[in-house]
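Novice: Just the structure for this:
(2 chains)
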Protein chains: 2
Amino acid sequence: MRPYLTDPAAIYAESFATVRREARLERFPAGLDALAVRVIHACGMIEVADRLAFSEDAYEAGHEALAAGAPVLCDCEMVAAGVIRSRLPAGNDVVVTLNDPSVRERAEVLGTTRSAAAVELWRDRIEGAVVAVGNAPTALFHLLARLDDGWPKPAVILGFPVGFVGAAESKAELAGNPRGCAFVALRGRRGGSAMASAAVNALAAGLPEEAP
Amino acid sequence: MRPYLTDPAAIYAESFATVRREARLERFPAGLDALAVRVIHACGMIEVADRLAFSEDAYEAGHEALAAGAPVLCDCEMVAAGVIRSRLPAGNDVVVTLNDPSVRERAEVLGTTRSAAAVELWRDRIEGAVVAVGNAPTALFHLLARLDDGWPKPAVILGFPVGFVGAAESKAELAGNPRGCAFVALRGRRGGSAMASAAVNALAAGLPEEAP
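Specialist: Have a look, this model is predicted:
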């Protein structure tokens, strides 16, 4: 077997150097460039940089919210598992309500998915929160509908639902009508938990691994 | 906001129908076609079907191992979080050793990453196991090196490490030299936990959501 790189610092440095060499990052404001780098690093796809939509204030809104102790509301356990707890600035809660015992019945009553019904349980913590959607389009759609109903606003919505039914549409809705809260969204079918977690980690701490 | 699909069964059915309509699945043997569909569904990218390498026996090897109670060894918590426990046929253990207290020191002693050092702790459970690597190229490289050292063989290796340093190379090594154990690998930089979990879920239970 050929030799391979085993030094973690060298691996990170070479990874991030590759991303910076290949990706078009000029259009990103400070802070969001690091977010784009982390998202690319998480998925191995340079070209997703070109499909990231964002509000100009997304980095500041998310960074300051986390510094002030805001919770991170995630649509699934995989997103929560990818958030680097030691990088969160204020021991922030990372909340997943998908497996709450009430969710299955709520979903039946509301006639929707469990992922969407789980968003109902965010109501008391949504104001000023960092929202990370890495799986379910219906979770993002449901949140946007609740904001239209008058729910208090989160600080930032990180929109990375994935797939063939509703993913592109829910992210277009997020990007097309910011509803007065900051956002980042990966347009199209692609997305996923790893990208959503990476976006949270970037808002929390930027790219401390980048220097070798 | 425009209406959107909220019925979970309809969403699954439309998703999988889209994948079957758009993806080239003809070359996959029975069982691995469902695995390819699940992997595509997890990442939103039809074209990954064309980059999946596999041994012909990968589905049977993995399916039978799980039915017989084999553990699922994962390189990170996100992969474990994506395994649908209710679909595992024998209450199989889902094992992540990355956060074992001994791993940091092992990594220093071995001069490698924590992900690779964590593989050392798979030694007693590797024989006949289902291995799912969804993050770290060094974990896959380290396992392959240990197999070359004479470790007992797992039943199947699902290789989905992601990124710019070692991901493509480690998966090429896996696909180029099966070492007498079955494998699936996504060639190139792309990969990730969601795809690795999806592959496990396909070996466990195929596609029960596909019928509306």
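Novice: how about stretch A:180-190: buried residues?
Specialist: A:181-187, A:189-190 (16 or more other C-beta atoms under 10 Å in any protein chain shown). Any C-beta I mention is one placed from the backbone N, CA and C, and that applies to glycine too.
Novice: That one: how far from the chain's middle?
Specialist: Offset of stretch A:180-190 from its chain centre (C-alpha atoms, centre = their mean, to the nearest Å): 9 Å.
Novice: Is residue A:96 in contact with residue A:81, as I believe?
Specialist: No: Residue A:96 lies out of contact with residue A:81 (C-beta atoms under 8 Å); the separation is 9.3 Å.
Novice: picking up where we left off before, can I get the buried residues of stretch A:180-190 in JSON lines including distance to residue B:162, secondary structure and pLDDT?
Specialist: As requested, those are exported to JSON lines (distance: C-beta to C-beta, whole Å; DSSP: H, G, I helix; E, B strand; the rest coil; pLDDT from 0 to 100):
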{"residue": "A:181", "distance to residue B:162": "30", "secondary structure": "coil", "pLDDT": "93"}
{"residue": "A:182", "distance to residue B:162": "27", "secondary structure": "strand", "pLDDT": "97"}
{"residue": "A:183", "distance to residue B:162": "25", "secondary structure": "strand", "pLDDT": "98"}
{"residue": "A:184", "distance to residue B:162": "20", "secondary structure": "strand", "pLDDT": "98"}
{"residue": "A:185", "distance to residue B:162": "21", "secondary structure": "strand", "pLDDT": "98"}
{"residue": "A:186", "distance to residue B:162": "16", "secondary structure": "strand", "pLDDT": "98"}
{"residue": "A:187", "distance to residue B:162": "21", "secondary structure": "coil", "pLDDT": "98"}
{"residue": "A:189", "distance to residue B:162": "18", "secondary structure": "coil", "pLDDT": "98"}
{"residue": "A:190", "distance to residue B:162": "13", "secondary structure": "coil", "pLDDT": "98"}
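Novice: Can you check the pLDDT for the closest residue to residue A:87 other than its chain neighbours?
Specialist: Closest residue to residue A:87 apart from its sequence neighbours, by C-beta to C-beta, 6 or more residues apart in numbering or on different chains: residue A:205 at 4.0 Å. Listed pLDDT for residue A:205 reads 94.
Novice: okay, now residue A:205: neighbour count?
Specialist: Residues lying near residue A:205 (other C-beta atoms under 10 Å in any protein chain shown) number 18.
Novice: Residue A:168 too?
Specialist: For residue A:168, using other C-beta under 10 Å, the count is 20.
Novice: ok so it is a strand residue?
Specialist: No: going by DSSP: H, G, I helix; E, B strand; the rest coil, the assignment for residue A:168 is helix, not a strand.
Novice: List the residues that contact it.
Specialist: A:187-189 (C-beta atoms under 8 Å, 6 or more residues apart in numbering or on different chains).
Novice: check contacts around the closest residue to residue A:22 other than its chain neighbours.
Specialist: For residue A:22, ignoring the flanking residues on the chain, the nearest one in space by C-beta to C-beta, 6+ apart is residue A:46 at 4.6 Å. Shown in contact with residue A:46 (C-beta under 8 Å, 6+ apart): A:19, A:22-23, A:40.
Novice: Most widely separated two among those residues?
Specialist: Farthest apart among those by C-beta to C-beta are A:22 and A:40. That separation is 8.6 Å.
Novice: if you count what's nearby, which of the two comes out ahead?
Specialist: In terms of neighbours (other C-beta under 10 Å), residue A:40 is the more surrounded of residue A:22 and residue A:40; the figures are 28 against 13.
Novice: got the contact list for the more buried one?
Specialist: A:19, A:23, A:46, A:48-49 are the contacts of residue A:40 under C-beta under 8 Å, 6+ apart.
Novice: per-residue pLDDT, it?
Specialist: You'll see residue A:40 listed with a pLDDT of 98.
Novice: Could you export the host helix or strand of it as PDB, CA atoms only?
Specialist: For residue A:40, the enclosing helix or strand under DSSP states H and E is helix A:32-43. Taking C-alpha atoms only, helix A:32-43 is exported to PDB below (Å, rounded to 0.1, in the frame of the first residue of the first chain):
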ATOM      1  CA  LEU A  32     -19.100  33.400   5.100                       C
ATOM      2  CA  ASP A  33     -16.000  32.600   3.100                       C
ATOM      3  CA  ALA A  34     -14.900  30.300   6.000                       C
ATOM      4  CA  LEU A  35     -18.400  28.900   6.100                       C
ATOM      5  CA  ALA A  36     -18.200  28.100   2.400                       C
ATOM      6  CA  VAL A  37     -14.800  26.400   2.900                       C
ATOM      7  CA  ARG A  38     -16.100  24.300   5.700                       C
ATOM      8  CA  VAL A  39     -19.200  23.300   3.700                       C
ATOM      9  CA  ILE A  40     -17.000  22.300   0.800                       C
ATOM     10  CA  HIS A  41     -14.600  20.400   3.100                       C
ATOM     11  CA  ALA A  42     -17.600  18.500   4.500                       C
ATOM     12  CA  CYS A  43     -18.900  17.200   1.100                       C
END
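Novice: picking up where we left off before, specify which member of the contacts of residue A:40 is nearest to chain B.
Specialist: For the contacts of residue A:40, the closest approach to chain B (C-beta to the nearest C-beta) belongs to residue A:19, at 6.7 Å.
Novice: Would you mark the buried spots in the longest helix anywhere in chain A?
Specialist: In chain A, assigned by DSSP state H, the helix with the most residues is helix A:8-22. Within helix A:8-22, the residues that count as buried by 16+ other C-beta under 10 Å are A:8, A:11-16, A:18-19.
Novice: Same question for stretch A:36-48.
Specialist: In stretch A:36-48, counting by 16+ other C-beta under 10 Å, buried: A:36-46, A:48.
Novice: And the pLDDT at residue A:2?
Specialist: Value listed for residue A:2 in the pLDDT field: 88.
Novice: again with residue A:148
Specialist: The model's pLDDT for residue A:148 equals 96.
Novice: these two touch, right, it and residue A:142?
Specialist: No: in this structure, residue A:148 is not within contact of residue A:142 by C-beta under 8 Å, at 10.7 Å.
Novice: the more surrounded of the two?
Specialist: residue A:142 (26 against 11).
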